[in-house]
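A.B. asks: the following comprises the amino acid sequence and a computationally predicted model.
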Amino acid sequence: MPLDTNTAPLLNLRGIGKTYGRTEALSDVDLHVNQNEVLGLLGDNGAGKSTLIKILSGVVDRTTGDIEADGTPTDIRNRQDSAKLGIETIYQDIALVGPMSIWRNMYLARELCNRFGFLRRREMRDTTVDILRKGVEITGVDDPEAEVGGLSGGQMQAVAIARAVHFRSKILLLDEPTSALSVRETENVLKYMVDLREEGVSSVFVTHNLYHAFQVCDRFVVMAHGRKIADVTKADTTIEELTKLIVAH
Ligand SMILES: Nc1ncnc2c1ncn2[C@@H]1O[C@H](COP(=O)(O)OP(=O)(O)OP(=O)(O)O)[C@@H](O)[C@H]1O
Ligand SMILES: [Mg+2]
């Protein structure tokens with residue numbers, strides 16, 4: 001897909017601040033997410049990365065700042081707002097509900113019902129089989145009735161990613177999605193991000209692993225103590241430089 005540099009960023013955040021009592025988790029952060037990009041969100045523990053992700057996904061209310069989507073002022077105050085903007089968040093553990101089947105998870109909060117309010121189980125199950133087979137290939141998963149709690153970390157990630165793809169998300173937020181994954185599972189998640197970029201889905205990838213970040217990201221935003229301290233394209237930086245930036249603050 002050709003990169004259209006004339007279009008406004010998918011998301012543009014200006015002056016984002018968040019305080020928790022006396023803690024200033026974020027102050028005056030500007031952040032944009034372009035079309036067709038994987039953005040690495042880096043920084044040491046407590047830098048504010050997760051807070052920023054939570055503000056974008058609508059589970060944390062920002063204290064200050066403005067948000068534009070495709071050049072138009074918008075607001076994100078809850079999960080419905082972010083879903084409407086095509087934002088899907090993938091966490092290591094809480095993206096899916098363990099004791100529920102894969103198909104229930106796939107349609108979580110988007111259940112299809114008939115006019116009497118009953119779940120259209122067969123349709124949701126059949127579509128889930130389709131998604132599992134066709135969408136992203138998920139090794140070792142083909143039964144939509146299988147409980148998500150019995151899947152490996154990587155398989156859960158894959159189901160969450162498949163859901164994001166199926167519901168045509170525009171932006172995937174991944175907050176340390178690979179911290180508990182095997183080498184192979186991690187490679188899969190990294191590959192999904194690159195594949196999705198080709199399909200026009202941008203990702204914001206939070207990680208402490210700069211090698212993973214460098215493998216897939218087009219641009220890096222480095223946070224320290226709630227502030228943005230760098231915003232550089234991959235072409236303009238190196239792993240060494242990013243490491244120094246993160247460690248020095
Ligand atoms: N619910 C909360 N209540 C109070 N303080 C919070 C809350 N969530 C985050 N903070 C504080 O906000 C700051 C930023 O935290 P955040 O979780 O965003 O950091 P992070 O960059 O994701 O760190 P890590 O790499 O360790 O996940 C920290 O000082 C943290 O203690
Ligand atoms: Mg975090």
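C.D. replies: Ah, there it is. Numbering: from 1, shown residues only. Ligands and ions are numbered 1, 2, ... in the order given.

A.B. asks: for the rest of this, base every contact and every neighbour count on C-alpha atoms.
C.D. replies: Noted.

A.B. asks: select the longest helix from the chain.
C.D. replies: helix 183-198 (DSSP state H).

A.B. asks: which element follows it toward the C-terminus?
C.D. replies: strand 202-206 (DSSP states H and E).

A.B. asks: just how off-centre is the helix-or-strand element of the chain with minimal mean pLDDT within its chain?
C.D. replies: When the helices and strands of the chain are scored by mean pLDDT, DSSP states H and E, helix 153-166 comes last with a mean of 78. In terms of Cα atoms, centre = their mean, to the nearest Å, the centre of helix 153-166 is found 11 Å from the chain centre.

A.B. asks: how big is the angle separating that helix from helix 183-198?
C.D. replies: 10 degrees (axes from the mean of the first three to the mean of the last three Cα atoms, to 10 degrees).

A.B. asks: show me what counts as buried in helix 153-166.
C.D. replies: Neighbour-count burial for helix 153-166, counted by 16 or more other Cα atoms under 10 Å, picks out 153-165.

A.B. asks: just say helix, strand or coil for M223.
C.D. replies: strand (DSSP: H, G, I helix; E, B strand; the rest coil).

A.B. asks: now for it: which residues touch it?
C.D. replies: Residues counted as contacts of M223 (Cα atoms under 8 Å, 6 or more residues apart in numbering) are 41-44, 47-49, 229-230, 246.

A.B. asks: hmm, try it at 6 Å
C.D. replies: Taking Cα atoms under 6 Å, 6 or more residues apart in numbering as the criterion, M223 is in contact with 43, 47, 229.

A.B. asks: in contact with the first one, which residues?
C.D. replies: With contact taken as Cα under 6 Å, 6+ apart, G43 is in contact with 222-224, 246.
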